[in-house]
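Colleague: predicted model and sequence follow; I will ask about them next.
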Amino acid sequence: MHRWLFGYGSLIWRPDFAYLEQRPARLHGWSRRFWQGSHDHRGVPEQPGRVVTLMETVGSYCDGMAYLVDARTAETTFSDLDHREKNGYERHELELSFIEEPTSVVGLVYVARQDNHAFLGAAPLDEMADQIAACAGPSGRNSDYVFELAAALRRLDFDDPHVFELETAVRRRTTQIGGSSL
Ligand code: BEZ
């Protein structure tokens, strides 16, 4: 059986697996939050970065990209992603609505729940921005993760004040007068 996979973080701008098609999709009842610690991708154990997870939020929604994965490659694709996202994420089956058509499907979504060992939770915007501006890991700077996510959401015409406010706050910290980046 072909499977839908919903991306709301790096999978939006860097789906590094084969897929048959992609469609903008919405997850009702969830919001995207920079509340998950990353000590293996955008930080290190002594200085974990912050990456996105999903929080159940009545009346809210999270927009992202759904990918249809061929039945023949699904097992490898999901076990590779399980390995890559082993730092607290689990696969969940959730209902996705396609944004450009009135259809919904059940898709797989990686969620880092509050009870995982790397969960950081909410913090004031300035504190999160300080942390993100200071962190980097094997996958690159934590600030670039925020910038790439914000740019991808903008390209898709998705709004997400949590991401855009954080982007502005992190940019303030990483851009020197004269425009060069730290
Ligand atoms: C995503 O882009 O959907 C994603 C977020 C966290 C872990 C794995 C994937």
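Modeller: That came through, no problem.
Colleague: need the contact partners of stretch 111-124.
Modeller: Residues outside stretch 111-124 that contact it (C-beta atoms under 8 Å, 6 or more residues apart in numbering) are 33, 35-39, 48, 50, 53-55, 87-90, 92, 131. Quick note: C-beta positions are derived from backbone N, CA and C, even for glycine.
Colleague: and the strands in the protein?
Modeller: Along the chain, counting by DSSP state E, strands occupy 3-7, 21-38, 49-69, 89-98, 104-112, 136-137, 140-141.
Colleague: which among the contacts of stretch 111-124 end up buried?
Modeller: Neighbour counting by 16 or more other C-beta atoms under 10 Å classes 33, 35-39, 48, 50, 53-55, 87-89, 131 among the contacts of stretch 111-124 as buried.
Colleague: you'd agree Thr174 is up against Ala133?
Modeller: Yes: counting by C-beta atoms under 8 Å, a contact exists between Thr174 and Ala133, whose distance comes to 5.4 Å.
Colleague: from Val69, how far off is Glu75?
Modeller: To Val69, Glu75 is 10 Å away according to C-beta to C-beta, to the nearest Å.
Colleague: tell me which of the two has more neighbours.
Modeller: Val69 (24 against 11; other C-beta atoms under 10 Å).
Colleague: the more buried one reaches Ala18, doesn't it?
Modeller: Yes: assessed by C-beta under 8 Å, Val69 is found in contact with Ala18 at 7.5 Å.
Colleague: joint contacts of those two?
Modeller: With C-beta under 8 Å, 6+ apart, Val69 and Ala18 have common neighbours Thr77.
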